[in-house]
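Student: Sequence first, predicted model second:
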Amino acid sequence: MTAKIKRINVASTSDFLTAEEAGIFLDIQPLVVRNYLAEGKLTTYKFKTLTLVNKAEVVEWKSTRSRR
């Protein structure tokens, strides 16, 4: 898979997480989150110099992973 990258002009803390925050939520290392982003398993959102993940996408990812 190829990384999915979207540039955004506004980022709300209620809508986006950093890789570190997503890692805590998913109970995995931030490096694993970054690998998921690079592999296109999660969408990368770029805001200025920040790399973010959509919170709703992380919640969905967690629910699909826990069903396995």
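Tutor: Sure thing, it's come through.

Student: and the helix ranked longest in the chain, what other elements does it pack with?
Tutor: In the chain, with assignment by DSSP state H, the single longest helix is helix 55-66. Counting contacts by 3 or more Cβ pairs under 8 Å, 6 or more residues apart in numbering; DSSP states H and E, helix 55-66 is packed against strand 16-18, helix 19-26. No exception for glycine: its C-beta is placed from N, CA and C like everyone else's.

Student: Mind exporting the C-alpha coordinates of the longest one to CSV?
Tutor: Taking Å, rounded to 0.1, in the frame of the first residue of the first chain, the C-alpha atoms of helix 19-26 are listed here in CSV:
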residue,chain,number,x,y,z
ALA,A,19,1.2,9.5,16.4
GLU,A,20,2.1,9.5,20.1
GLU,A,21,-1.5,10.1,21.2
ALA,A,22,-2.8,7.5,18.7
GLY,A,23,-0.2,5.0,20.0
ILE,A,24,-1.4,5.5,23.6
PHE,A,25,-5.1,5.1,22.5
LEU,A,26,-4.3,2.0,20.5
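
Student: gap between that helix and the chain center?
Tutor: Taking the mean of its C-alpha atoms, helix 19-26 sits 8 Å from the chain's own mean (Cα atoms, centre = their mean, to the nearest Å).
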